[in-house]
Each structure stands twice: as structure tokens, then as C-alpha cells.
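[1] Give me coordinates for this.
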Amino acid sequence: MRPITNTIDPASALFATNAAAYRSDLDRLREAMQFAIDGGNHPSRAGRQRSIDRHHGRGKVMTRDRIDMVIDEGSPFLELSTLAGYGQADDEFPGAGIVTGIGIVHGVPWMFIANDATVKGGSLFPAGIKKHVRAQDIARENDLGCIYLVDSGGAFLPMQDEVFPDQDHFGGTFYRQAQMSAAGLPQLSVVLGGCTAGGAYVPALSDEVIMVEGIGRIFLGGPPIVKAALGEVVDPDDLGGAALHTRESGVSDYMVQTEAEAYGLLREICANTNRRSIADRQDWYDWIEPEAPAHPAEEILGIINDDTRIPYDARQIIARLVDGSRFSEFKPEWGNSIVVGFTRIWGHLVGVIANNGIIFSEDALKATHFIELCNQRSVPLLFLQNTTGYMVGRDSEIGGIAKNGAKMVTAVANARVPKFTVLIGGSYGAGNYGMCGRGFDPRFLFAWPNSRIATMAADTAETVLTDIRLGGMRGAETTNEEIAEIRSSIRAQYEEQSDPYYATSRLWDDGLISPLDTRDALGLCLSLAARQDAPVAGDRIVYRM
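    Residues are numbered from 1 along each chain as shown. Okay, the predicted model is just below:
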């Protein structure tokens, strides 16, 4: 693989302007992350602090500290969807009330699903359910066992219609848990608080359960429900405490006195599950010793233009993410608005497809050809999205953009190799689909804080939808002020809904991440794929497009 030629001048005025603007984006990201972790400066912060004080007063450990007590010392934890629920429900559910992510225990990767009892008692509102389900789907696809740190009041009852009855609502989490256990993916629970109603089934469906005496409780109906239904007044521990469920009902397998003891026992259980380690790469997966990029990732901040109308060369982004900044480009002289080629990230061979703007017919065909090559050779695919979509216009239609774009979409949909996507800029229209957006089931999809996702950009939407609306008002008197108001409302809607924080709040991605952390995040994701069996073989013919 040849080194990518560096064309970036860090001393230029444009670079300095871009870098300053992007650092402001990263400041906003850090503030949002901190808000999700501790409640920030929201008016409800005082209430959250009271919940935290009560939590500590019961001798309980905060959620992320719990995970730190389980995973190997000094090992990474890839937290997912930290900003789920951000900006929704008056920001009363920071992080959607649940922490999910991938951590290493005795060298083996596990999916952690941990309730945050300081957020509405650990109750799950819609974004929390979606986050729980997404974590289980990631675990299943990446052959990960699940560790549930349970401290939850169950479904958030005031929004029961949005968390209870549908396919991927609360019941979907039970279905997935049972399916993963049947598939040999260990399901382990530590009960650290209330497990009420639906929450009781998380430990009940687990392969092994630890309960902490004095704080862990499991019951289908808590004391208030029992009193209302039966007129029976019962103490919470007598109804569903650790001693009852470990010594009498058998719901729990182990009882411990402290959280620290629980996590030591959990690590002991994990050591006996006979799972593949993070370093256990299978024969199909090509790996060599990694090396750092030749150019610093920090320079990405100056490469991405603050003015989104000004393009940048995706090769310069690739050069700051991949091993040795080396890249074996495929068809470098044809289809210039998509860059494709082979490279390595943390030693793992990967095929990269990156946008340099609008996707033309030849770009779609080049990408299709390359996807088929990677599928034939069992090489994972990495999509770096920055596109306004497929080219429109009469010439493009004559040139077959619809059928050629469809070939690319079909190739992505049918690729059997692991797929990963990062939104590094715009993700508009069918370009989102052809570049393996959420609907095309990438194993992981991350977004940068400068990214945007929508059917079309706000500028385009303003023009298109204003014309449509005015066409529908034909014959009516319309003042310039009314037209300006229509334009303004359309633009405001599209700018709000294409904002990356709007997207990540709704789990359209698996997390907003900094460009500076992207190489490490991808390295861990590729390592998860490398420890699995080879992709299922299918049609591996390469059709020259």
C-alpha cells in the first residue's frame, strides 16, 4: 500500500478557520456528554442531585463506576448512544436513564446494559427502551455475552403506550435475551436495586444471577401493588429480597453483601464462560502489527471546512485514520466523487468507501465493483459518508443514475462481510442508503459533530418545499412577508431535524464521537468482528460494472 500524498497546509488561514470552528463543535459535544453524565445545568439538576445523594446514602455505586469495577483495569470501554434522549422530555432522562457499551473482562468483550437509578428510579422511557434493544442487537451480531447491572423500576408508566406493546418495546428486550441465551451468548445479571414488574424478567431470564443483600429486590408487583391487589402489607425484602430469592425461590444463584463483592464474583463467573478473547482472531481475518498514521488526527479539524459548501478531499481524512497513512486506491482515475480502496486500521485489513461529494453514475458503479471485491475476499467494509446524494438532472437520468444507484444499494444490502459506517459530513437522500446508513444494518454507525442527516439539505428543502406550497396556493394572494415566513419555517424545521444532536438523541447512530477518537473506536469494532467465524459465503462473483 502506498502512502497518501499530503496536500494539507496547517499554516493556511483556511485551515486555522476550520480548526477553530471544529474545536467549538467539540466543546459543544463535551458539554452535551457531561450533561448526560451528571445532569448539567438543567433546572431539574437539583432533583437529580437529590437522587444521587439518596443513591449514595444507600451505599450504592454510580452506574459508570459500577462498570469500571467490572472491566479489566486500564482496558477501554466503548460507551454507546451516550446522548440518547438528549433534548427530549424536557431533558429529564439524561442518557435515556441507561448506560450501554462494550467492555473487556478477562480479555473477553462483553456488552454492558446498566440502569441509572438516579434518573427516574432507573425507569425506561422510549429512548431508553430503544437503547436497550440496540445494545442487545449489537451483542447478538458481534457474538457478545450480556452483563445486566439491574437497578430499575421497569417501564415508565406515564408513557406506557410508547414502551410496552410494540415489537421493539419492553417485550422485545425479553425476546432478545431469551434468543441470545439459546444461541450460547451468556446472559448475566447483578441485581443492585429494584427489579419491578417487567424489570423482574431481566434477572429471571438470565443464565446466572447475583443479588446484593439489602439493596437488590425482585418482584413482579411491589409492595404498593400487593397492598392494592390483596390488601397485604409486606416489607420489600420479605417480598423479593436477596435472601428470599437466593435461599427460597431460586430466582437468584448467589447472594453477596456488597457491590464490590458482587463484581468480584461476576468476574469469576465471566472467566468460566469459555468465550473468545478480543485478541482471538480467526483465520479468515487478515491482521498484521498496527502502526500509527503518518499524519496526526488533530489535523482533521482543519481539513473539514466550516462552510459545508466547500468540498474537501476524503483521502486526507483517510490518511489521518489508517495505519501508516497508506492506502491502496481502486480505480483512482475513474469516478472521482467516491474514493475506494484497501487499507488497515489497527492492523485489520478493511475496504474503505468515502465520498467526495455528489454520487454520479460512474461513482456508483465503481463503489458496486469494489463492494463485490470485498465481499468475495471477506474484507470488512468501512463507509465514510459525506454526500448530498445521487446526481439529479436529465443528463444523469439518461446516463442511468437510477439503475446504477440501485446496483450500489443492492450491493450494500447483500454484502455479507461486516460493515461499519461513520458520518463525517452530509448524509442526504438515497446517498445515505447507498453509503450504508442505519437502514442497511451496519454493525456500528458513528457520527461526527459536524455531520448532518436528512432527505435533503436545508437550502434545497427551502427551495423545493416553498415552491410546492406556493403551487398549492395558486390563485391566492401571497405577500412577500408570507413567502418569507414559509421559507423561514421550512429552513428552521430542516436545520433542527438534520442536526447531529437531534439524530443521536433518537438513536439514528450509535453515538456522536470526536474525529480524534474515531480510529480507536473502529479498531475495537474491527477486533470484535475478527474474533468471529468467517462470514457466510454467498454469491461471490464480481460483475464488472
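[2] the strands in the stretch 301-450 of the chain, which residues?
    326-330, 338-345, 348-355, 381-387, 419-428, 444-447 (DSSP state E, counting those that start in this stretch).
[3] Kindly reformat the ones you listed as JSON lines containing mean neighbour count and mean pLDDT.
    For glycine as for every other residue, the C-beta is placed from the backbone atoms N, C-alpha and C. Formatted as JSON lines, the strands of the stretch 301-450 of the chain follow (neighbours: other CB atoms under 10 Å; pLDDT from 0 to 100):
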{"stretch": "strand 326-330", "mean neighbour count": "19", "mean pLDDT": "98"}
{"stretch": "strand 338-345", "mean neighbour count": "24", "mean pLDDT": "98"}
{"stretch": "strand 348-355", "mean neighbour count": "25", "mean pLDDT": "98"}
{"stretch": "strand 381-387", "mean neighbour count": "26", "mean pLDDT": "97"}
{"stretch": "strand 419-428", "mean neighbour count": "26", "mean pLDDT": "97"}
{"stretch": "strand 444-447", "mean neighbour count": "24", "mean pLDDT": "98"}
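[4] need the ones you listed in JSON lines with distance to E73, can you?
    Shown next, in JSON lines, are the strands of the stretch 301-450 of the chain (distance: least, CB to CB, whole Å):
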{"stretch": "strand 326-330", "distance to E73": "34"}
{"stretch": "strand 338-345", "distance to E73": "25"}
{"stretch": "strand 348-355", "distance to E73": "25"}
{"stretch": "strand 381-387", "distance to E73": "30"}
{"stretch": "strand 419-428", "distance to E73": "28"}
{"stretch": "strand 444-447", "distance to E73": "25"}
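[5] Which among those is found nearest to A243?
    Of all the strands of the stretch 301-450 of the chain, it is strand 444-447 that lies closest to A243, at 41.6 Å by CB to CB.
[6] Which strands and helices lie in contact with the closest one?
    Applying 3 or more CB pairs under 8 Å, 6 or more residues apart in numbering; DSSP states H and E, one finds that strand 444-447 contacts strand 419-428, helix 500-505, helix 515-530.
[7] Distance to I468 added to the ones you listed, as JSON lines?
    Shown next, in JSON lines, are the helices and strands packed on strand 444-447 (distance: least, CB to CB, whole Å):
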{"stretch": "strand 419-428", "distance to I468": "18"}
{"stretch": "helix 500-505", "distance to I468": "23"}
{"stretch": "helix 515-530", "distance to I468": "37"}
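[8] F219: which of the ones you listed is closest?
    Among the helices and strands packed on strand 444-447, the nearest to F219 by CB to CB is helix 500-505 (32.6 Å).
[9] Now do the closest one: distance to the chain's middle.
    Taking the mean of its C-alpha atoms, helix 500-505 sits 11 Å from the chain's own mean (CA atoms, centre = their mean, to the nearest Å).
[10] For that helix, output the C-alpha coordinates as CSV.
    Extracted as CSV, the C-alpha positions of helix 500-505 are listed here (Å, rounded to 0.1, in the frame of the first residue of the first chain):
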residue,chain,number,x,y,z
PRO,A,500,-26.5,15.6,14.7
TYR,A,501,-27.8,16.0,18.3
TYR,A,502,-31.4,15.6,17.1
ALA,A,503,-30.2,12.4,15.3
THR,A,504,-28.2,10.9,18.1
SER,A,505,-31.0,11.6,20.6
